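Undergrad: Sharing a model that was predicted from the sequence below.
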Amino acid sequence: MAPKSPADVDATFSQASLRHEQGRLKEAASLYQRVLSTDPVNFDAHHMLGVLRAQQGQYKEAVKAIARALKINPRSAQALSNFGNVLRALGQFDQALLSYDTALSVNQSAATWFNRGLVLQEMGRLEEAVASHDRALAIVANYPEAFLSRAAALRDLGRFDEALSSCDAAISLRPDLAEAFTLRGILLWRLNRVDGALDSHNIALSITPNAPEILNNRGLALTAMERHEEALQSYDAAIATKPGYIEALINRGNALANLHRFDEALETYCKVSALKPNTLEAMNNR
């Protein structure tokens, strides 16, 4: 039943918010819709329904809901920032950037600067991404996710020492952040500090066991140390967790070749070509 009075609308919205916080998304969505059936210009109900739809992965519905909220209140920094998040999820990066910039003209939020940095990274505008993460960190100094994304942008710029410092800052704030240890391992590998790279990947695996990307990167560190049998085991573990993992399969072939197990290496490269024809590295190694 739709709420009938303003007090009923407020009570229904409060119930929706509670269900939302509890993760009972289907019930919360129904309650937000009840609010809107009585009060179709309720900004909060449109906005939070959009946030909920994004949590459900229904990004097109989320865009519609938050757009309705912004028609009611076009200067809500929070709604503008969330609108940017949804547009980024849809790959509409230019529009997302515009939404973040509009949000920042209303309120200098660290989270918005951080999300702006993420979309700039996805657009390949890496120097601007670093600057955006720096702005986030100027507002909130203990922001591990911003340090981590800043490190990733610096890595892509080839500034490995700076990236490592930023990665270490993220770890100092969040010692359980597996992604930071993974990136740290990649950076140390790039800097030819392979012992440290292996240690970092092992720590990442202790936090997130059997993660295929970490196992693959661990294999690369072992390969650089010429520990080819152990590298092979790491690549095999990655493939067991993620069948059809092209990069790990190529690396597996390389490990087998390093062990002079050429027939098995050839078979692995052929498997890559069957899964993804015209993969140049597999064709070349084959």
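TA: Now that the structure is in, tell me what you want to look at. Numbers count the residues shown, from 1 in each chain.
Undergrad: ok, residues contacting the helix or strand Val63 falls within?
TA: In this assignment (DSSP states H and E), Val63 forms part of helix 59-72. Contacts with helix 59-72, where a contact means C-beta atoms under 8 Å, 6 or more residues apart in numbering, come from 41-44, 46-47, 49-54, 76, 79-80, 82-83, 86-87, 89-90. (Each C-beta comes from the backbone N, C-alpha and C, glycine too.)
Undergrad: which stretches of the stretch 151-286 of the chain form helices?
TA: Taking DSSP state H, counting those that start in this stretch, the helices of the stretch 151-286 of the chain run over residues 160-173, 178-190, 194-207, 212-224, 228-241, 246-258, 262-275, 280-285.
Undergrad: ok, back up a step: quick check: what element follows the helix holding Val63 along the chain?
TA: Helix 59-72 is succeeded, C-terminally, by helix 77-89 (DSSP H and E).
Undergrad: buried residues in that next one?
TA: 77-88 (16 or more other C-beta atoms under 10 Å).
Undergrad: Specify the angle between that helix and helix 59-72 in degrees.
TA: 150 degrees (axes from the mean of the first three to the mean of the last three C-alpha atoms, to 10 degrees).
Undergrad: Could you export helix 77-89 as CSV, CA atoms only?
TA: Only the C-alpha atoms of helix 77-89 are listed here, as CSV (Å, rounded to 0.1, in the frame of the first residue of the first chain):
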residue,chain,number,x,y,z
ALA,A,77,27.2,16.9,-5.0
GLN,A,78,26.5,13.4,-3.7
ALA,A,79,24.0,12.6,-6.5
LEU,A,80,26.4,14.1,-9.1
SER,A,81,29.2,12.0,-7.8
ASN,A,82,27.1,8.8,-7.8
PHE,A,83,25.9,9.6,-11.3
GLY,A,84,29.5,9.8,-12.3
ASN,A,85,30.2,6.4,-10.7
VAL,A,86,27.3,4.8,-12.7
LEU,A,87,28.4,6.4,-16.0
ARG,A,88,31.9,5.2,-15.4
ALA,A,89,30.6,1.6,-14.9
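Undergrad: for the record, mean pLDDT for that helix?
TA: For helix 77-89, mean pLDDT rounds to 98.
Undergrad: element containing the closest residue in space to Asp101 that isn't next to it in sequence, please.
TA: Leaving aside its chain neighbours, Asp101 sits nearest to Arg116 (7.3 Å; criterion: C-beta to C-beta, 6 or more residues apart in numbering). Assigned by DSSP H and E, Arg116 belongs to helix 110-122.
Undergrad: Just after that helix, pick out the following helix or strand.
TA: Sequence order places helix 126-139 as the next helix or strand after helix 110-122, per DSSP H and E.
Undergrad: Is it possible to get CSV of the helices of the stretch 151-286 of the chain that adds mean pLDDT?
TA: Converted to CSV, the helices of the stretch 151-286 of the chain look like this (pLDDT from 0 to 100):
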stretch, mean pLDDT
helix 160-173, 98
helix 178-190, 96
helix 194-207, 96
helix 212-224, 96
helix 228-241, 97
helix 246-258, 96
helix 262-275, 93
helix 280-285, 82
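Undergrad: closest to Glu27 out of these?
TA: Nearest of the helices of the stretch 151-286 of the chain to Glu27, taken as C-beta to C-beta: helix 178-190 at 32.5 Å.
Undergrad: The closest one versus helix 194-207: what angle between them?
TA: Using the same axes, to 10 degrees: helix 178-190 against helix 194-207 is 160 degrees.
Undergrad: Give the buried residues for stretch 30-47.
TA: Those would be 31-32, 34-36, 38-39, 42-47, for stretch 30-47 by 16+ other C-beta under 10 Å.
Undergrad: Same list (the helices of the stretch 151-286 of the chain) but as CSV, adding distance to Asp10 and mean neighbour count.
TA: Converted to CSV, those look like this (distance: least, C-beta to C-beta, whole Å; neighbours: other C-beta atoms under 10 Å):
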stretch, distance to Asp10, mean neighbour count
helix 160-173, 39, 20
helix 178-190, 41, 24
helix 194-207, 43, 20
helix 212-224, 47, 24
helix 228-241, 49, 20
helix 246-258, 53, 22
helix 262-275, 56, 16
helix 280-285, 61, 14
